[in-house]
Structures are given as C-alpha cells and as structure tokens.
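**Q** Attaching a predicted model along with its sequence, questions to come.
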Amino acid sequence: MTEPVTHETEHRITVAAAPDVVYGLIDDVRDWPVTFPPTVHAERIERSGDSERIRIWATANGEVKGWVSRRELDRAGLRIRFRQEVSRHPVAAMGGAWVLEPRPGGGTLVRLLHDFRAVGDDPARVQWIRQAVDRNSDKELAALREAAETRERRAGLLLSFSDSVRTAGAAKDVYDFLDRADRWPDRLPHVARVQLTEDVPQQQVLEMDTRTTDGSTHTTRSVRICFPYDRIVYKQLLTPALMTAHTGEWTVREDGEETVISSRHTVVVNHEAIGSVLGAGAGIAEARAFIRDALGRNSTATMVRAKEYAEDGARS
C-alpha cells in the first residue's frame, strides 16, 4: 500500500529585533489573537517543563478551523516545534517549527516550517492546505515583524479593560442571552441588524450593525467560540476604523446566590485613523478614551439587558 505523501513548506522573514523579543511573541499564545490576523482564539491547556498543549481556532481560506497542538519549547535553541494532535479535514496531519536565527549585523531571521498530509492524498485537498499555509504564514510573519519592531509604540496603542454586572438570575439564562445574538436587534437598542451563522456547533460568525451615539451605524464581523455555559470569546475580523484589532470575552460565573456577568475587551488602536475619525487635534489618549467609552457603554448595556432577561425568568 502506498504511503501517504508528506508535503513540506518553508516561509521566512527578517525582523529588526533581538531573537528573545521575537521568541517571546511566539511563545505567549494568549496574545496571538491581537498579534496574528488568522488567529481567532488561543489558550494553553496544560504545560509541563518545556512541553505544552494549546488549543487554537484560526481562519484558513475563509473558514474557521479549531485544533489542539502539542508544542516543544527550546528557548536556548531559539526553536519551537509544534504538532497537531487531531487535525481538521482536509488536513490528515500537520506539524512544523518556528526557527529563529540571529543575524550577524543584528536582527533575527525567522523560518516557519510546516509539514502536512492531506486526507486521502487528494490533490485538490493538498492544494487547499498549501494555499492556506502560504496565506497564513505570510500574514503571521508580517504581523510578527510589525509587533517585534514596533513593540514600544505598540504598547501605547494596546488597550485592555473589563466591566461587570451582577444579577440574581441564573447563569444559564444569562449565557442564553449572550449566545442568542441573532435576537439582539429585538433586545438591544444599539443593535440595528444581525446575521448569525453557526455551521459548526459553538462556533459562530456574527455580522452586526451597531448604532452609534450620533445615529449612524457601523458594521463589524466577528468569529465567536462558545463554551457553554460560562464563556464566549470572539475576534472581530472586520473592525471599526479606529481599531486594527479587537478581541473580547463574555464570562458568566456563579458567586453565591448571584451571577456575575463580565465583558473584557482587548484593542489595538489604529494610529493612522485617529485624525480622520476624531479630528485633527486628537491623539492616542483621546482615541483610547473614545474606544473605552464606546465599547464599555455597549457591552454594559448588553449585560444589563442580560441581567433583566435572567431575572425575568428568561422570558423574551
């Protein structure tokens, strides 16, 4: 019987930053959603020494795929190896490595290696995977260079905050309100239109028109990963002009006889858009305050309505 064919790729980029800076960005998967455009959500499941298991959801050729990978971390050798434990169709198996090489004149050469097999060795599936690997690798390497080379400036553009609301209602009812975003236009005054698809259970694509305080609307498109009945994480694939990245998380937890609803946002401010959105005299501080107010106001309004829904016995 013919052995399945293993295909190999290599993508590379030179980064004007020290290897330890670049390694740190690759090591910390929690920040991948705001660093790497294809990554929707990533989290560490477990770690023992230099070995860890991580769970990832990412876009590939316009589709959202989720998988678990095992990584072997070698900081001294400037290398991180990875291998998917169970791959998603049409991938039969995939692994690879991040390899960092210090340059004699300074900076770091980053090599991103992949090896993969396609289900059934089908040529069309091989082409699909190769295209996804090429596209995502190019995007990830470009974003890695941007993040490493502008890390000090980027720190001022990064904004994270959270708000919470308490309710006497049941946690499951609160989660139901947040999960059923398709009903938000009838439940939330600031939501004008929603298109929600869930082709894979607990994996949603949400397109939404949100009303602003001046009466206009803006459109966002997000991928939401749902963890019944306590957490929904999301990443906006289409963001308002003032942001280059926006990720968020709804959490629902019981606290004695009450339920705590929390909303967390992480945003990267689009420095180039500040003047056109807020006016010529505005700067980063004004942009951060504007985003904090707008996102916090809408998410708090959503949590208040979820509180009322849960306390009313989940009657719509």
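**A** Good, I have the coordinates.
**Q** May I see the buried residues of the lowest-mean-pLDDT helix or strand in the chain?
**A** Ranked by mean pLDDT, DSSP states H and E, the helix or strand of the chain with the weakest confidence is helix 151-157, at a mean of 92. Buried residues in helix 151-157, defined by neighbour count with 16 or more other CB atoms under 10 Å: 154, 157. For every residue, glycine as well, the C-beta is placed using N, CA and C.
**Q** can you list the residues that contact it?
**A** Here helix 151-157 makes contact (CB atoms under 8 Å, 6 or more residues apart in numbering) with 17, 21, 147, 268, 269, 271, 284.
**Q** now do 7 Å
**A** By CB atoms under 7 Å, 6 or more residues apart in numbering, the residues outside helix 151-157 that reach it are 21, 147, 268, 269, 271, 284.
**Q** any low-confidence regions in the protein?
**A** 1-2, 314-316 (pLDDT under 70).
**Q** any idea how far residue 129 lies from residue 80?
**A** Here residue 129 is placed at a distance of 21 Å from residue 80 (CB to CB, to the nearest Å).
**Q** any idea how far residue 194 is from residue 183?
**A** 8 Å.
**Q** and what of residue 303?
**A** Applying CB to CB, the value for residue 303 to residue 194 is 17 Å.
**Q** Just want to know which of those two has more residues nearby.
**A** residue 303 (24 against 18; other CB atoms under 10 Å).
**Q** what helix or strand is that one on?
**A** If you go by DSSP states H and E, residue 303 is part of helix 284-311.
**Q** and that helix, what does it pack onto?
**A** In terms of contacts (3 or more CB pairs under 7 Å, 6 or more residues apart in numbering; DSSP states H and E), helix 284-311 is packed against strand 158-167, helix 171-179, strand 258-269, helix 274-278.
**Q** chain center to the shortest one: distance?
**A** In this case it means helix 274-278. Counting by CA atoms, centre = their mean, to the nearest Å, helix 274-278 is centred 25 Å from the centre of its parent chain.
**Q** What of the third one?
**A** On the basis of CA atoms, centre = their mean, strand 258-269 sits 14 Å off its chain's mean C-alpha point.
**Q** What pairs with it, parallel or antiparallel?
**A** strand 158-167 (antiparallel), strand 243-255 (antiparallel) (DSSP bridges).
**Q** Just say which of these is most tucked in.
**A** Of those, the one with the most neighbours on average (mean count of other CB atoms under 10 Å) is strand 243-255, at a mean of 19.
**Q** ranges for the strands of the stretch 1-150 of the chain?
**A** With DSSP state E, counting those that start in this stretch as the criterion, the stretch 1-150 of the chain has strands at 7-15, 39-48, 51-60, 63-74, 79-86, 91-102, 108-118.
**Q** Put together JSON lines for those, with mean neighbour count on each row.
**A** Compiled in JSON lines, those are given as follows (neighbours: other CB atoms under 10 Å):
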{"stretch": "strand 7-15", "mean neighbour count": "15"}
{"stretch": "strand 39-48", "mean neighbour count": "16"}
{"stretch": "strand 51-60", "mean neighbour count": "18"}
{"stretch": "strand 63-74", "mean neighbour count": "17"}
{"stretch": "strand 79-86", "mean neighbour count": "16"}
{"stretch": "strand 91-102", "mean neighbour count": "19"}
{"stretch": "strand 108-118", "mean neighbour count": "20"}
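**Q** can I get those strands in CSV with distance to residue 299?
**A** Shown next, in CSV, are those (distance: least, CB to CB, whole Å):
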stretch, distance to residue 299
strand 7-15, 35
strand 39-48, 18
strand 51-60, 21
strand 63-74, 23
strand 79-86, 34
strand 91-102, 35
strand 108-118, 35
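**Q** and residue 263, which of those is closest to it?
**A** The closest of the strands of the stretch 1-150 of the chain to residue 263 is strand 39-48. By CB to CB, the value is 15.8 Å.
**Q** picking that back up, can I get the strands paired with strand 258-269 in JSON lines including distance to residue 119?
**A** Converted to JSON lines, the strands paired with strand 258-269 look like this (distance: least, CB to CB, whole Å):
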{"stretch": "strand 158-167", "distance to residue 119": "39"}
{"stretch": "strand 243-255", "distance to residue 119": "31"}
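**Q** Looking at those, which is nearest to residue 106?
**A** Checking these against residue 106 by CB to CB gives strand 158-167 as the closest, at 25.3 Å.
**Q** between that closest one and helix 171-179, how big is the angle?
**A** Using axes from the mean of the first three to the mean of the last three CA atoms, to 10 degrees, one finds that strand 158-167 and helix 171-179 are set 130 degrees apart in direction.
**Q** contacting residues for residue 239?
**A** By CB under 7 Å, 6+ apart, the contact list for residue 239 reads 220, 245, 246.
**Q** show me what contacts the nearest residue to the second one once chain neighbours are set aside?
**A** In space, not counting the residues next to it along the chain, residue 245 is nearest to residue 268; the distance is 4.1 Å by CB to CB, 6 or more residues apart in numbering. The neighbours of residue 268, taking CB under 7 Å, 6+ apart as the test, are 34, 157, 158, 243, 244, 245.
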